[in-house]
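Participant: Let's see this in three dimensions:
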Amino acid sequence: MDLHKIDDEQLLLGFIMTYPCVMPSIEGLKLPHFYDQRHQDIYGAILELDKTKKSNDLVDVRLKFLNNESLLNYLTEITFNLDRPLDAEHPQRIVNNLIELWKRRALKAILDEAQSQLGKDDAENVITVLEKKVDELNKGNQGKGYVSFKDACGKVLSIAIEARRRVGNNESVGISSGLRALDNVIGGFMPASLYTLAGSTGRGKTALVTNIAFNAVKNNYPIVFFSLEMPAEQLARRIIATESGISSERIQRGTLSQEEVWIIEQKIKELEHLCFHIEDKGTMDITSVRKKVIRYKQQHDVQMVVVDYLQLVSAESKKNENRTLEISNITRSLKGLAMDLNIPIIALSQLSRAADDARMPQLYHLRESGSIEHDSDVVMLVYQTEAGTPLQEDGIFIAKNRHGKMTTIPLVFDKQFTVFLNKE
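Facilitator: Down below sits the predicted model:
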C-alpha cells in the first residue's frame with residue numbers, strides 16, 4: 001500500500017511555481033498533506049506569498065530560502081524537471097491523491113499507537129482515544145492545530161453577522177433556554193462552551209435543565225441527556241406532565257380521567273419522534289461519557305449535552321485520588337469535549353450544605369468548587385429566597401459569565417408541573 005508519492009509532490013510544486021495563476025483553483029491542500037519535509041517548507045513559503053498577494057513563482061519562492069543552498073538547488077531541480085504535462089484539472093487530481101495518502105499515513109499512525117497502548121491501558125480507554133482520533137481524521141484535520149489571525153478574524157465577522165441576523169429575528173444567538181430573561185444575559189447556550197448549573201437538593205436544578213433541554217429539542221436540536229440520578233421513565237414523566245398540563249404526581253398514581261389518558265396519549269404521539277436521547281445508567285466514568293457523546297455526535301449530530309450530575313461521574317483513574325482532583329479531571333474533560341465537538345455542555349452540580357443557610361448561593365458553595373468554576377464558561381446557581389413564605393422567590397444567580405454580566409434572574413417555579421417560567 002502506497003503511503004506517499006514524492007514524484008507527485010514534486011510535480012505539483014513545480015507546476016504551482018511555474019504557473020502561479022493556478023493557486024486559486026487548488027482546494028483543500030495543507031502542509032501535512034506533503035510527506036517530504038522539504039515540500040512542506042516550500043509550500044509554506046508559497047502560502048505566505050499568496051496571503052500577502054505577492055507572486056509565488058520560482059523567483060519569489062527562492063528569495064525565501066537564500067540562506068539554504070541545498071533547498072535553493074532543489075527548487076531549481078523540481079521546476080526544471082516538469083516532464084509530465086498538466087492540464088487545468090490535473091493539479092486538483094494530484095491534490096486529492098496527496099490528501100488520500102495523508103489520510104492513509106494518519107490512519108496507520110493511529111492504529112500503530114492504539115496497538116502499542118493495548119499492553120499499557122485498558123481496552124475501553126484505547127477504544128475511546130481511537131474513536132476520537134478517527135473522528136478527527138474524518139473531519140480532515142488532526143485536532144484544531146494552527147489558525148491564522150486572519151482566519152480567526154474572518155470567523156469572528158461571520159459569527160457576528162449571523163448573530164445580528166438572529167437578534168433581528170428575535171432569536172437568541174445560541175440555543176435558546178426557553179427563558180427570555182436568561183437568554184438576554186447569556187445569549188443562549190453557545191458552541192464549545194461548558195455551563196455549570198448548580199443548586200441545593202430540592203431547589204429544582206434537574207427540573208430547570210430538563211426544561212432547557214426539552215425546549216432545545218422542540219426547536220430541532222438533538223440532545224443527549226445523561227440522567228445519572230433519575231431513571232428515564234421518571235424524566236419522561238416530568239416532561240409529559242409539563243407538556244400535557246397534568247401533574248406528574250397524578251400521572252404516577254394513575255388518578256386520571258379517561259379524557260386525561262387520551263390527552264397524554266396524544267401528547268406522547270406528538271413528542272416521541274423528537275431526538276431526545278437519555279442515558280440513565282446510575283454510575284458512569286468520564287471515559288464512557290466521552291465515548292458515548294462522540295458516538296451520538298457521529299450518529300445523530302447532537303447539538304447539546306446534559307450531565308446530571310457531576311458528582312455522580314467517576315474519573316478515569318483507578319487510583320484513590322482526592323475527589324477534588326477527580327472533579328477537576330472530569331470538568332476539564334467536559335470542557336475539552338465541548339470544544340472538540342463544538343457544542344454546549346451543561347453539567348449539573350451540587351452545592352455544599354452551607355448554601356442552605358445563605359440568602360444567595362455563591363461560587364464558594366460549589367462542591368469541589370475550584371475546577372468547576374475555572375473550567376466553566378458560565379456558572380448558574382439556582383436560588384430560593386424566603387422559602388415557604390409569600391415573599392418566596394425562585395431564580396438563577398449568574399455567578400460567572402465569561403462573556404457577559406453577573407446578575408440574578410427571577411423566575412417562577414411551578415412545582416406541580418416541575419417547570420420554570422418567565423416572571424412577567
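Participant: For residue 410, what is the enclosing helix or strand?
Facilitator: strand 408-414 (DSSP states H and E).
Participant: Which neighbouring elements make contact with that strand?
Facilitator: Judged by 3 or more C-beta pairs under 8 Å, 6 or more residues apart in numbering; DSSP states H and E, strand 408-414 is in contact with helix 180-186, strand 393-401, strand 419-422. All C-beta atoms are positioned from the backbone trio N, CA, C, and that covers glycine.
Participant: Pick out the shakiest of those, pLDDT-wise.
Facilitator: Here the lowest mean pLDDT among those goes to strand 419-422, at a mean of 81.
Participant: what helices or strands is that one leaning on?
Facilitator: helix 205-218, strand 408-414.
Participant: Tell me the strands beside the last one, with direction?
Facilitator: Partners of strand 408-414 in the sheet, by DSSP bridges, are strand 393-401 (antiparallel), strand 419-422 (antiparallel).
Participant: Mean neighbour count and distance to residue 179 for those - can I get that in a markdown table?
Facilitator: Listed next are those as a markdown table, based on neighbours: other C-beta atoms under 10 Å; distance: least, C-beta to C-beta, whole Å:
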| stretch | mean neighbour count | distance to residue 179 |
| --- | --- | --- |
| strand 393-401 | 20 | 8 |
| strand 419-422 | 19 | 6 |
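Participant: To residue 254, which of those strands lies closest?
Facilitator: strand 419-422 (21.6 Å; C-beta to C-beta).
Participant: which residues are contacting that closest one?
Facilitator: 179-181, 204, 207-208, 211, 242, 394, 411-414 (C-beta atoms under 8 Å, 6 or more residues apart in numbering).
Participant: Now do the longest helix along the chain, average pLDDT.
Facilitator: The residue-count maximum for a helix in the chain (DSSP state H) belongs to helix 90-117. For helix 90-117, mean pLDDT rounds to 85.
Participant: again, but for stretch 228-239
Facilitator: pLDDT averaged over stretch 228-239 gives 86.
Participant: now it, how far from the chain's geometric center?
Facilitator: 25 Å (C-alpha atoms, centre = their mean, to the nearest Å).
Participant: Same question for stretch 371-390.
Facilitator: Taking mean C-alpha positions (C-alpha atoms, centre = their mean), stretch 371-390 and its chain are 24 Å apart.
Participant: pretty sure residue 195 is touching residue 182, no?
Facilitator: No: counting by C-beta atoms under 8 Å, residue 195 sits too far from residue 182 to count as a contact (10.8 Å).
Participant: Are there residues contacting both of the two? Which ones?
Facilitator: With C-beta under 8 Å, 6+ apart as the test, residue 195 and residue 182 both reach residue 380.
Participant: Toward the C-terminus from the longest helix of the chain, list the very next helix or strand.
Facilitator: Counting by DSSP H and E, the element after helix 90-117 in chain order, helix or strand, is helix 123-138.
Participant: Could you figure out how far that following helix is turned away from helix 90-117?
Facilitator: 170 degrees (axes from the mean of the first three to the mean of the last three C-alpha atoms, to 10 degrees).
Participant: hang on, the earlier thing: which of the residues in the longest helix of the chain are buried?
Facilitator: Neighbour-count burial for helix 90-117 flags 91, 92, 94, 95, 97, 98, 99, 101, 102, 106, 110, 114 (criterion: 16 or more other C-beta atoms under 10 Å).
Participant: which of the residues you listed lies closest to residue 2?
Facilitator: Comparing these against residue 2 with C-beta to C-beta places residue 101 closest, at 6.6 Å.
Participant: what residues are up against the closest one?
Facilitator: 2, 3, 4, 5, 33, 35.
Participant: what ranges do the strands span in this protein?
Facilitator: Here the chain has its strands, by DSSP state E, at 194-199, 223-227, 276-279, 284-285, 304-308, 313-314, 345-350, 378-385, 393-401, 408-414, 419-422.
Participant: looking at those, which is closest to residue 186?
Facilitator: Nearest to residue 186 among the strands of the chain is strand 378-385 (5.6 Å), distances taken as C-beta to C-beta.
Participant: tell me the angle that closest one makes with strand 345-350.
Facilitator: Using the same axes, to 10 degrees, strand 378-385 lies at 40 degrees relative to strand 345-350.
Participant: ok, strand 378-385: who's next to it in the sheet?
Facilitator: strand 194-199 (parallel), strand 393-401 (antiparallel).
Participant: Keeping just the C-alphas, turn the longest one into CSV.
Facilitator: By that I understand strand 393-401. The C-alpha trace of strand 393-401 is given here as CSV (Å, rounded to 0.1, in the frame of the first residue of the first chain):
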residue,chain,number,x,y,z
GLU,A,393,-38.6,34.0,45.1
ASP,A,394,-37.1,31.4,42.8
GLY,A,395,-34.5,32.2,40.2
ILE,A,396,-31.0,31.8,38.9
PHE,A,397,-27.9,33.7,40.0
ILE,A,398,-25.4,34.0,37.2
ALA,A,399,-22.3,33.8,39.4
LYS,A,400,-19.8,33.6,36.5
ASN,A,401,-20.2,34.7,32.9
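Participant: re the thing from before, in JSON lines: the strands paired with strand 408-414, plus distance to residue 28.
Facilitator: Putting the strands paired with strand 408-414 into JSON lines (distance: least, C-beta to C-beta, whole Å) gives the following:
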{"stretch": "strand 393-401", "distance to residue 28": "38"}
{"stretch": "strand 419-422", "distance to residue 28": "47"}
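Participant: what residues go with each domain of the protein?
Facilitator: 6-130, 177-422 (automatic domain parsing).
Participant: most tightly surrounded among those?
Facilitator: domain 177-422 (a mean of 18; mean count of other C-beta atoms under 10 Å).
Participant: so how far does it reach from one end to the other?
Facilitator: 11 Å (C-alpha to C-alpha, to the nearest Å).
Participant: before we move on, the earlier item: save the strands paired with strand 378-385 as CSV, and put in distance to residue 62 too.
Facilitator: What follows is these, written out as CSV (distance: least, C-beta to C-beta, whole Å):
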stretch, distance to residue 62
strand 194-199, 49
strand 393-401, 53
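Participant: Sweet, I'm off.
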